[in-house]
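Asks: how would this look folded up:
(one chain, ligands or ions: 1)
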Amino acid sequence: MADAIDQSGLDDNQSKTLLEETFYVLKKKNSVFRVKLTNAGLHLIKENDNQVKTQIIPVKDIIGCRCLRSKKQRNSCACQSLSHSTSLKVVDEKSGDHDDADISAYLYIYAYILRPNQNKRERTTITLRFRSFDKYDENCKEAQRWRMILKKLIKGEDVSMINISDYNIIPAKENRRLLVLLNPKSGSGKGRILFQKKIVPVLQEAEIPFDLHITQYANFAREFVRNCHLYQWTSLIVVGGDGLLFEVINGIFERLDWAEVIKHISFGIIPGGTGNGLARSIAHFTGEPYNPPSLPSTLAATRNFSELMDIVRIETRSQILFSFLSIGWGILSDIDIESEILRALGEPRYVLWSVARVISLKSYSGKVYYLPANATFTTFETKRDIFRSKSKVDLPTEVHLETTDARQRLDSWYSAASRRSTYFSTTGSSYQSTTESDDGEKPRMYGPASQIPCITASLPSNWKCLNGRFIMVHASYQSHIGTDLFVAPQSKLNDGLIWLLVIHANASRAQVIQFLLGLSSGSHTNTVCDGVIKMLPVRAFRIEPDLNEQGCLTVDGEIVEYGPIQAEIFPSLIKVMVP
Ligand SMILES: Nc1ncnc2c1ncn2[C@@H]1O[C@H](COP(=O)(O)OP(=O)(O)OP(=O)(O)O)[C@@H](O)[C@H]1O
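Replies: Numbering: from 1, shown residues only. Model prediction:
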């Protein structure tokens, strides 16, 4: 029996029928569909010549539904019945363009059904025509009832307490509103078209209101989120590359109310850039097909689900930054930055440039300190608690651990550069260049305060040190740092870990090639060879490059000043939308 198959694996709550109705297929007179709505989804039970077939469309696959009326037909023969019309045209009942002769109410249900064998989702529309009653209003009430329950299920709300037979259910007002920031220059510059053609239709089907702002110049998004009243939106989505989200995240941490904002807003990224590491990592984390790449994050924008994500706080000689993806020194960063001249090619630019860089393999001298993931973190954790929760300030260690006074000023490090950019902490988590602050223009960086010694200070004894020449040191806190760069296969959005990928200068060209080729599938992990190639899970690290050499350092794919840099992870700090 198909019904038995249908119910298998569903618990009582999931299989409890919320609504049920019988529909007929117009063209096949002896085909009957029983349609049931349960917490698990929409059950389409086809009954035909004593055969029963069931398909469930899971709630997770449904993004929205709308009640519509058939459209007034112009220049059509009066005797032509709707059943013979090949293409039904529908309108909103308030449009005034509806067909009075058709008293049916149509419920359009929009779903993106997972086809695991094809590794993609397929858009499907299910139309239910309600016409049991003689009047449109009665049919409409029935369709609306289905719509309301379905919408609640999509939002993840519990409908078990609702009296389903109550005809006066008021549809919950949509309390979500998206802020969309779009970079028209991202990638090959097709962000606007992508948004209008692929994203807007999905948001409309899901009835999610949004406000679109197109960035006008570099740092526009950073200034925008720093200064505007963000609480009018529940989610913030960027359409562009990782660089655009990097601006947004740093703009948020330049707000005095950053802690409130990250509680209130969840973030999303619809990949439109050349670097789309986070979008790819979120799809990987949730097991969603990345095909087409924009779909998982678009579906995430229509849903009500979020996951916590780690954020890394970075300190250089002159600035504090917040990062969600990676920090790079050596070959991968060089490829990213130097291949900029091939931007028009999109992501294949990286492959071309990798070949060039392997032929002329460079190494850089310096020291890499790291705090291993399995080290004892008593001090580290205690300090974090103090800054995260005021209720813990009565701990005896509290005075001891205040970073404001305990951390040395940065100007004690490199005198020439740092005298111009002295940093101070006013609230335990705020930093500002004293020179810039004089003219009042440079924004102050807030965000959670550091729990490790400042970049000028020596490190505790439980830190380890690698000293020598390196082809690469790349830190990743996501599984992917680009669509095909599966650098840290074990990484999760919120595992509190930084993966440090180290290639020492004694690696052979063949080992480097094997490592780079393995990055797309994650098989580079097999090239790990002690003393040559390492993958280290850490909580914090510091790189001190030899400043007699020139090189490049990147944070989330954006170039930063070449010099000492340190990073520490803040687990589960922000919310990201997930499909
Ligand atoms: N309207 C604009 N004009 C020029 N630059 C912009 C504009 N809007 C944003 N930017 C800058 O473009 C940079 C790259 O943007 P984004 O990450 O969206 O695209 P991308 O193609 O992935 O870029 P990249 O490959 O350089 O990382 C951002 O750091 C941002 O500062």
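Asks: In this model A475 seems to touch S333, though I could be wrong.
Replies: No - in this structure, S333 is not within contact of A475 by C-beta atoms under 8 Å, at 10.8 Å. Every C-beta, even on glycine, is put in place using the N, C-alpha and C of the backbone.
Asks: Looking only at neighbour counts, state which of those two leads.
Replies: The neighbour comparison of S333 against A475 (other C-beta atoms under 10 Å) goes to A475, with 30 against 23.
Asks: where does the chain have low pLDDT?
Replies: Low-confidence segments of the chain (pLDDT under 70): 1-13, 26-30, 74-87, 161-172, 346-347, 376-440.
Asks: Looking at it, which helix is longest?
Replies: Criterion DSSP state H: the longest helix present in the chain is helix 136-154.
Asks: Please enumerate the strands of the stretch 301-450 of the chain.
Replies: 306-316, 320-323, 326-330, 364-372 (DSSP state E, counting those that start in this stretch).
Asks: among the ones you listed, which is the most enclosed?
Replies: Among the strands of the stretch 301-450 of the chain, ranked by average contacts under mean count of other C-beta atoms under 10 Å, first place goes to strand 326-330 (a mean of 27).
Asks: what's the distance between I455 and the ligand?
Replies: As defined by C-beta to the nearest ligand atom, to the nearest Å, I455 lies at a distance of 24 Å from the ligand.
Asks: which residues of the stretch 301-450 of the chain fall in helices?
Replies: 331-338, 348-359, 378-388, 398-401, 403-406, 415-419, 434-438 (DSSP state H, counting those that start in this stretch).
Asks: Give the other helices and strands that the first one contacts.
Replies: With contacts defined as 3 or more C-beta pairs under 8 Å, 6 or more residues apart in numbering; DSSP states H and E, helix 331-338 has these neighbours: helix 348-359, strand 464-476, strand 553-555.
Asks: so what does the longest one touch, helix or strand wise?
Replies: Going back to what we said before, that points to strand 464-476. If you count contacts as 3+ C-beta pairs under 8 Å, 6+ apart, strand 464-476 packs onto strand 326-330, helix 331-338, strand 364-372, strand 498-504, strand 533-545.
Asks: 6 Å instead, please
Replies: Contact analysis of strand 464-476 by 3 or more C-beta pairs under 6 Å, 6 or more residues apart in numbering; DSSP states H and E lists strand 326-330, helix 331-338, strand 364-372, strand 498-504 as its packing neighbours.
Asks: Can you name the next helix or strand after the longest helix of the chain?
Replies: Scanning forward in sequence from helix 136-154 by DSSP states H and E, the next helix or strand is strand 178-182.
Asks: For the very next helix or strand once past that next one, output the C-alpha coordinates as CSV.
Replies: Remark: after strand 178-182, the chain's next helix or strand is helix 191-194, criterion DSSP H and E. Presented in CSV, the C-alpha positions along helix 191-194 are these (Å, rounded to 0.1, in the frame of the first residue of the first chain):
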residue,chain,number,x,y,z
GLY,A,191,24.8,41.1,-10.1
ARG,A,192,21.9,43.3,-11.0
ILE,A,193,20.7,40.9,-13.7
LEU,A,194,21.1,38.0,-11.3
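Asks: Residues in contact with helix 191-194: which ones?
Replies: Defining contact as C-beta atoms under 6 Å, 6 or more residues apart in numbering, one finds that helix 191-194 is touched by L182, N183, P184, V239, G240, G272.
Asks: Okay then, goodbye and thanks.
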